[in-house]
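>>> Need a 3D model of the following:
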Amino acid sequence: MADPSAPFDRRLLDRRRARWLLPQPERGADFLIEAATSELIDRLSIVERHFDVAVDLAGHGGGMATRLEASGQCGHVLRLERLAGLLGEGALGVVGDDEFLPLAPGSADLVVSTMSLQFVNDVPGVLAQIRRTLKPDGLFLAAFLGGDTLHELRAALIQAEAESTGGASPRVLPFIDVREAGALLQRAGFALPVTDLDRLTVRYDNLFALARDLRQMGAANMLHQRSRRPASRAMFLRAAEVYAERFADPDGRIRATFDIIYLSGWCPHESQQKPLRPGSAKHSLAEALKDRSGSLS
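Have a look, this model is predicted:
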């Protein structure tokens, strides 16, 4: 049974994914997944390692698994999806929940998560499970939505609903920022954690074109605390007006922000570079700055 205290209704997420991902999706609606997949593969390519067992964790349509296999850096690629229909035919895969990984400790050399962590209720718990799944010196890579993603849509909906009803219900997912993401990696026990953010600004004709893309991504409102009362057409028309007034370019097209947070971390191993112990430096910062200032004089 779904936990109503959890932020996301994961059963609704499954229904949305089935509706969008199992049929042929609208062309171009998966642009965020394609962008994140390409970036993660580029980052993996600079790691001079071969990964015998790689896991494509809830990667949606299988694009990441295909790219991992083609990279030449992975021996076996295992796909894990909540929906059996997403695995397709002939794929090495398992049906499982990416919140409760059905993978043995120390069974993978590489785990890649592409645009799914933003829908997980217990991100710290999932990160800890991923670390346990990795072999020592195994690598974790992830991309997910965070930061100021869809802040324009959130502002327009809040203003329009407040004007219409005197209050506002949550309609846009909450997102963590890049600093929080780095702290979660450290909390989960990853070594050498790295986090950064890539901002994509996508332009649309209007709010309704943006909403259509979000539905096609299976990313429409799935919050447990969402209002069950259908919003009026007048409210959405007003939201479209507010959006255009506040976030349109001179040509009239509106902007939508998508912040993709990228994570990488290693399962600890004795061979990894260690930070210096406090007080172990051979030269002080003051000496270094003095030497530098002298060289510039």
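>>> contacting residues for the residue nearest to residue 111 when sequence neighbours are not counted?
Nearest residue to residue 111, sequence neighbours excluded (Cβ to Cβ, 6 or more residues apart in numbering): residue 55, at 4.6 Å. Where C-beta positions appear, they are placed from N, C-alpha and C, glycine not excepted. Each residue near residue 55 by Cβ atoms under 8 Å, 6 or more residues apart in numbering is listed here: 77, 78, 79, 80, 103, 108, 110, 111, 112, 133.
>>> In a markdown table: the residues you listed, plus distance to residue 118 and pLDDT.
Shown next, in a markdown table, are the contacts of residue 55 (distance: Cβ to Cβ, whole Å; pLDDT from 0 to 100):
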| residue | distance to residue 118 | pLDDT |
| --- | --- | --- |
| 77 | 23 | 95 |
| 78 | 22 | 95 |
| 79 | 19 | 94 |
| 80 | 17 | 94 |
| 103 | 21 | 94 |
| 108 | 22 | 97 |
| 110 | 21 | 98 |
| 111 | 17 | 98 |
| 112 | 15 | 97 |
| 133 | 20 | 97 |
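>>> For these, give me JSON lines that also has secondary structure.
Putting the contacts of residue 55 into JSON lines (DSSP: H, G, I helix; E, B strand; the rest coil) gives the following:
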{"residue": "77", "secondary structure": "strand"}
{"residue": "78", "secondary structure": "strand"}
{"residue": "79", "secondary structure": "strand"}
{"residue": "80", "secondary structure": "strand"}
{"residue": "103", "secondary structure": "coil"}
{"residue": "108", "secondary structure": "strand"}
{"residue": "110", "secondary structure": "strand"}
{"residue": "111", "secondary structure": "strand"}
{"residue": "112", "secondary structure": "strand"}
{"residue": "133", "secondary structure": "helix"}
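>>> Buried ones only from those residues, please, as a PyMOL command.
Per 16 or more other Cβ atoms under 10 Å, the buried members of the contacts of residue 55 correspond to this PyMOL selection:
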select buried, resi 77+78+79+80+103+108+110+111+112+133
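>>> now, which of the contacts of residue 55 sits nearest residue 242?
Lowest distance from residue 242 to the contacts of residue 55 (Cβ to Cβ) belongs to residue 112, with 38.3 Å.
>>> isn't that closest one right up against residue 39?
No: Residue 112 lies out of contact with residue 39 (Cβ atoms under 8 Å); the separation is 11.4 Å.
>>> Burial check on residue 42, number of neighbours?
Using other Cβ atoms under 10 Å, residue 42 is surrounded by 9 other residues.
>>> and it, how far is that from residue 66?
15 Å (Cβ to Cβ, to the nearest Å).
>>> same check, this time on residue 204
Taken as Cβ to Cβ, the span from residue 204 to residue 66 is 29 Å.
>>> follow-up on the earlier one: give the bridge partners for the residue nearest to residue 111, please.
residue 78, residue 111 (DSSP bridges).
>>> Now the strand or helix carrying residue 265: buried residues?
Residue 265 is part of strand 254-266, with elements assigned from DSSP states H and E. Across strand 254-266, burial judged by 16+ other Cβ under 10 Å covers 254, 256, 257, 258, 259, 260, 261, 262, 263, 264, 265, 266.
>>> what's it packed up against?
When contacts are defined as 3 or more Cβ pairs under 8 Å, 6 or more residues apart in numbering; DSSP states H and E, strand 254-266 sits against helix 31-45, strand 134-146, helix 151-165, helix 178-187, strand 191-204, helix 207-216, helix 233-247.
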